[in-house]
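Asks: All I have is the shape, not the residue letters:
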């Protein structure tokens with residue numbers, strides 16, 4: 001991309017959407033007028049081919065403007081594991097249930 005090309009591409013995408021809507025209206029009018037003729041039989045295949053090409057090009061333009069985020073790939077065997085820490089055991093006194101001992105015991109959890 002060069003300076004200014006992003007804005008040009010964005011403007012072209014907006015313009016092509018308007019033109020596509022106009023084209024769709026004209027195509028629908030043609031199909032209405034061609035009802036009962038041999039030409040109508042060819043229309044669906046041509047229309048489908050046009051739409052496939054149109055949406056592929058619009059999708060490419062959108063991907064240029066807003067590239068998909070690539071996902072980080074981690075080679076096999078290099079998996080990220082959290083460090084394994086072994087903490088010393090915490091020795092708590094056993095609470096007997098006595099109200100007199102409660103304050104001292106509860107201080108372990110504050």
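Replies: Structure's in. What do you need? Fair warning: this is a prediction, and the values are worked out from it, not measured in the lab. Numbers count the residues shown, from 1 in each chain.

Asks: How far off centre is the helix or strand containing residue 45?
Replies: Using DSSP states H and E, residue 45 sits in helix 38-65. Using Cα atoms, centre = their mean, to the nearest Å, the mean C-alpha position of helix 38-65 is found 23 Å from that of the whole chain.

Asks: Give the buried residues for that helix.
Replies: Within helix 38-65, no residue counts as buried by 16 or more other Cβ atoms under 10 Å. Any C-beta I mention is one placed from the backbone N, CA and C, and that applies to glycine too.

Asks: Mind giving me the packing neighbours of that helix?
Replies: helix 5-33 (3 or more Cβ pairs under 8 Å, 6 or more residues apart in numbering; DSSP states H and E).

Asks: quick one, the helix it packs on and helix 38-65 angle?
Replies: Going by axes from the mean of the first three to the mean of the last three Cα atoms, to 10 degrees, helix 5-33 is angled at 170 degrees with respect to helix 38-65.

Asks: and helix 5-33, what does it pack onto?
Replies: helix 38-65.

Asks: as a whole number, average confidence for the helix it packs on?
Replies: Averaged over helix 38-65, pLDDT sits at 86.
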